[in-house]
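S.K.: Okay, sequence plus prediction incoming.
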Amino acid sequence: MRYLVDTNAWIGFLEGERGFGRRAKEIMLHEPWECSVSLASVWEAAIKVGLGKLKLPYSLDLDLPRLFKQNGFNVITPDWRAVTAVQHLEPIHGDPFDRIQVIQARLRGLDILSRDPVFDRYGLRRVW
């Protein structure tokens with residue numbers, strides 16, 4: 001299987017969060033070559049850090065690329081097809097970062113690692 005790692009998942013994983021999904025953690029530890037993170041997810045985290053809504057013990061610009069590489073996470077970028085496909089996405093949820101991740105997961109045939117049940121409503125297979 002191949003997975004898209006949601007923002008809450010990669011942050012919780014890198015911080016060793018308690019209560020982290022057992023199956024998601026197992027996948028991220030033992031199948032990291034199959035895990036991708038959307039650049040949109042990093043953008044979401046950067047906005048929250050900039051607004052003071054999220055505090056991280058590492059620098060997004062200096063440390064995060066190394067942390068992703070050490071853990072075998074691929075970074076995928078939203079391409080033209082993905083960003084324009086959002087206009088046709090069901091209006092289930094308004095968060096633009098979740099919406100682009102839904103499209104990326106669909107287009108790439110990825111399951112999603114996330115604690116957020118909103119992805120279930122889009123018909124994605126979510127693992128936590």
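M.R.: Cool, got the structure. This one's a predicted model, so the numbers in the text were calculated from it and none came from an experiment.
S.K.: Report the contact partners of the residue of the chain most remote from its centre.
M.R.: Going by Cα atoms, centre = their mean, the residue of the chain most distant from its centre is residue 88, 20.9 Å out. Shown in contact with residue 88 (Cβ atoms under 8 Å, 6 or more residues apart in numbering): no residues. Where C-beta positions appear, they are placed from N, C-alpha and C, glycine not excepted.
S.K.: Any chance you could list what contacts the lowest-mean-pLDDT helix or strand in the chain?
M.R.: Using mean pLDDT, DSSP states H and E, helix 22-30 stands out as the lowest-scoring helix or strand of the chain, at a mean of 93. With contact meaning Cβ under 8 Å, 6+ apart, helix 22-30 is reached by 1, 3, 5, 9, 13, 34, 35, 71, 113, 114, 127, 128.
S.K.: so can I have TSV of these showing distance to residue 106?
M.R.: Formatted as TSV, the contacts of helix 22-30 follow (distance: Cβ to Cβ, whole Å):
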residue	distance to residue 106
1	15
3	13
5	16
9	18
13	23
34	17
35	17
71	24
113	15
114	15
127	16
128	19
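S.K.: Buried among these? Make that a PyMOL selection.
M.R.: Selecting just the buried residues from these in PyMOL takes one command, with 16 or more other Cβ atoms under 10 Å as the test:
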select buried, resi 3+5+9+13+34+35+71+113+114+127+128
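S.K.: Out of the contacts of helix 22-30, list just those in helices.
M.R.: 9, 13 (DSSP state H).
S.K.: would residue 37 count as being in a helix?
M.R.: No. Applying DSSP: H, G, I helix; E, B strand; the rest coil, one finds residue 37 to be strand, outside a helix.
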